[in-house]
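Participant: Predicted model, plus sequence, below.
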Amino acid sequence: RFSLMESVTYKNLINEGDPSAQNYKCIVQPGDKPAVAKPLVEREQNAYEDLQNTPLKDFIPTYYGTDKHDGKDYLITADLNAGLENLCYADLKMGRRLYDADATDVKRNKVLRKQEGSTTESLGVRLDEAKITSKGSEIQSWDKYSGLAFNYDQFQDFFNEFIPQKLRQVFADKVGKIYDAFSDTLDQYPAFRMYKPTLLISYDHEKVDDIRVYFIQLKHTHLDISKLECDPDDDEYEDGVFQGLASLMNFAETTLNATPQEKGELDITVTETREEGDLK
């Protein structure tokens with residue numbers, strides 16, 4: 001059994017927006033490490049354990065193992081938002097295929113109807129939820145319905161409003177490292193696919209000195225989709241995550257030093273780059 005912990009102390013439930021979520025804040029020993037406990041899903045457990053031996057290990061939450069609480073099994077990972085007093089976060093759905101390799105036709109068609117015309121199809125990334133908090137009060141938020149309705153320009157506007165100018169270079173660098181790690185993992189494991197992951201972006205509004213960027217929600221991540229009797233050489237099973245990461249880097253890099261007058265011209269350039277680029 002994989003485990004980096006001696007004990008877990010469960011604290012408050014985290015179920016904001018979803019009363020049935022049953023996630024817990026907790027503390028892992030040794031080291032008083034802030035962590036999150038979420039109901040165990042075997043595929044997600046397998047994904048966390050498989051990714052420990054890949055270049056993507058540094059870009060997912062630290063995985064401490066599994067634990068039982070009140071008769072239920074939980075997966076324990078680092079709390080990525082620990083220490084952020086004025087939490088600003090965005091959940092981005094990554095990739096173009098937001099259903100698993102072995103999803104039923106009913107599930108597949110439902111997802112495709114939902115994402116039709118969204119930035120999932122055009123950019124490989126879609127906003128699911130975001131919030132900006134300042135001095136203890138929420139000052140701006142976006143929900144999944146906003147994300148579904150965004151076009152390219154609206155996504156760019158969201159990006160410009162959510163990520164402070166001084167953090168955009170740091171953000172671009174971190175997404176670039178994730179892109180490289182994803183590529184290296186795929187080189188090592190050609191049948192590796194990551195369906196419907198969330199890229200969590202978070203920072204402290206009053207201490208704008210760093211930004212955290214990690215993959216979470218790994219229930220549909222597979223080191224080898226051939227184990228599901230799926231052909232990794234079939235384009236049907238591409239996840240489209242590369243395109244989403246490239247789109248985010250483009251959004252960041254084109255606004256690093258742009259003036260409002262320059263923005264329109266730069267948007268045209270990045271669109272052409274995205275269309276012509278060699279995205280895997």
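Facilitator: Structure's in. What do you need?

Participant: strands paired with the lengthiest strand in the chain, and their directions?
Facilitator: Assignment by DSSP state E gives strand 125-134 as the longest strand of the chain. When sheet partners are counted by DSSP bridges, strand 125-134 sits next to strand 87-94 (antiparallel), strand 137-142 (antiparallel).

Participant: need the next SSE after the shortest one, C-terminal direction.
Facilitator: Downstream of strand 137-142, the first helix or strand assigned by DSSP states H and E is helix 144-149.

Participant: What residues of that next one count as buried?
Facilitator: Using 16 or more other CB atoms under 10 Å as the burial criterion, the residues of helix 144-149 that qualify are 147, 148. The C-beta positions use only the backbone N, C-alpha and C, and glycine is treated the same way.

Participant: Could you list every helix and strand in contact with the helix or strand following that helix?
Facilitator: The C-terminal neighbour of helix 144-149 among helices and strands, as given by DSSP H and E, is helix 152-162. If you count contacts as 3 or more CB pairs under 8 Å, 6 or more residues apart in numbering; DSSP states H and E, helix 152-162 packs onto helix 119-123, strand 125-134, helix 241-253, helix 260-276.

Participant: Sketch out the low-pLDDT regions of the stretch 151-280 of the chain for me.
Facilitator: Applying pLDDT under 70 to the predicted model, the residue ranges of the stretch 151-280 of the chain that meet it are 257-280.

Participant: ok, 80 please
Facilitator: Along the stretch 151-280 of the chain, segments meeting pLDDT under 80 span 254-280.

Participant: what is the orientation angle of the longest helix along the chain with strand 87-94?
Facilitator: Longest among the helix segments of the chain by residue count, using DSSP state H, is helix 168-188. In this structure, helix 168-188 runs at an angle of 40 degrees to strand 87-94, with axes from the mean of the first three to the mean of the last three CA atoms, to 10 degrees as the basis.

Participant: chain center to helix 168-188, what's the gap?
Facilitator: A distance of 13 Å separates the C-alpha centroid of helix 168-188 from that of its chain, computed with CA atoms, centre = their mean, to the nearest Å.

Participant: can you check stretch 61-73 too?
Facilitator: On CA atoms, centre = their mean, the centre of stretch 61-73 falls 21 Å from that of its chain.

Participant: For stretch 121-138, list every residue counted as buried.
Facilitator: The neighbour-count criterion (16+ other CB under 10 Å) identifies 122, 123, 124, 125, 126, 127, 128, 129, 130, 131, 132, 133 as the buried residues of stretch 121-138.

Participant: excluding its backbone neighbours, what's nearest the last one?
Facilitator: Leaving aside its chain neighbours, residue 133 sits nearest to residue 86 (4.9 Å; criterion: CB to CB, 6 or more residues apart in numbering).

Participant: Could you do the first one as well?
Facilitator: In this structure, residue 122 finds its nearest non-sequential neighbour in residue 152, 6.6 Å apart by CB to CB, 6+ apart.

Participant: show me what contacts residue 212?
Facilitator: Contacts for residue 212 (CB atoms under 8 Å, 6 or more residues apart in numbering) come out as 80, 81, 200, 201, 202, 203.

Participant: again with residue 121
Facilitator: With CB under 8 Å, 6+ apart, residue 121 has these contacts: 96, 115.

Participant: I'd like to know how far it sits from residue 114.
Facilitator: In this structure, residue 121 and residue 114 are 11 Å apart, going by CB to CB, to the nearest Å.

Participant: try residue 251
Facilitator: Counting by CB to CB, the gap from residue 251 to residue 114 is 23 Å.

Participant: same deal with residue 79?
Facilitator: 30 Å.

Participant: Compare the two (neighbour count), which wins?
Facilitator: residue 79 (19 against 12; other CB atoms under 10 Å).

Participant: Name the nearest residue to the more buried one, sequence neighbours excluded.
Facilitator: In space, and not counting its chain neighbours, residue 79 is closest to residue 34: 4.0 Å by CB to CB, 6+ apart.
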